[in-house]
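Student: Sequence first, then the predicted structure:
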Amino acid sequence: MPNIESGLKEMMEIDGAVGAAVVDYGSGMALGTLASTNTLDLTVAAAGNTEVVRAKMRTMDQLGLNDAIEDILITLSGQYHVIRPLAGRKGQGLFLYLALDRTRGNLALARHRLRNIEETLEV
């Protein structure tokens, strides 16, 4: 089973990956990051996307939705940002974060690969 470091490496092998992180949304801190560029500050991205996850969780609770979030997609003009909360006990309070270049990446394949990484990740 991959640990955080090997999970990040697998995420960066996804076509078009620009940056990857495993984030604790309780604290907003990244447990690990990996990027192919210096232009994306993954520490800032981890903290900012923590607020996105918290807001969505709060909204689902207020709506009385008894469901799990598979992923959250933020579409920018040049990138996709995919946030995938980890399911089950092993991932309580954690999410995977992937920044993907839109011209080089395949969103459907990236979502599929993130699901596989989540299933085998050992935290």
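Tutor: Here it is on my side, so go on. Numbering: from 1, shown residues only.
Student: Burial check on Leu73, number of neighbours?
Tutor: Neighbour count for Leu73, taken as other Cβ atoms under 10 Å: 12. C-beta here means a position set from N, CA and C on the backbone, and glycine is covered the same way.
Student: That one: what's it in contact with?
Tutor: For Leu73, the contacting residues are Tyr80, His81, Val82, Ile83, Leu107, by Cβ atoms under 8 Å, 6 or more residues apart in numbering.
Student: List buried residues within the residues you listed.
Tutor: Tyr80, His81, Val82, Ile83 (16 or more other Cβ atoms under 10 Å).
Student: would the first one count as being in a helix?
Tutor: No: checked against DSSP: H, G, I helix; E, B strand; the rest coil, Tyr80 lies outside a helix; its state is strand.
Student: That one and Glu122, how far apart?
Tutor: Going from Tyr80 to Glu122 by Cβ to Cβ, to the nearest Å gives 26 Å.
Student: coming back round to it: in CSV, list the contacts of Leu73 along with pLDDT and distance to Leu31.
Tutor: Conversion of these to CSV gives the following (pLDDT from 0 to 100; distance: Cβ to Cβ, whole Å):
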residue, pLDDT, distance to Leu31
Tyr80, 98, 22
His81, 98, 18
Val82, 98, 17
Ile83, 98, 15
Leu107, 97, 25
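Student: all strands of the chain, in order?
Tutor: Taking DSSP state E as the test, the strands found in the chain are 17-24, 29-35, 72-75, 79-85, 94-101.
Student: closest to Asp61 out of those strands?
Tutor: Nearest to Asp61 among these is strand 79-85; the distance by Cβ to Cβ comes to 13.8 Å.
Student: report the angle between the axes of that closest one and strand 17-24?
Tutor: 30 degrees (axes from the mean of the first three to the mean of the last three Cα atoms, to 10 degrees).
Student: Of the buried ones among the contacts of Leu73, which is the nearest to Ala21?
Tutor: Ile83 (9.8 Å).
Student: Do I have it right that the closest one meets Ile74?
Tutor: Yes: here Ile83 lies in contact with Ile74, judged by Cβ atoms under 8 Å, at a distance of 7.4 Å.
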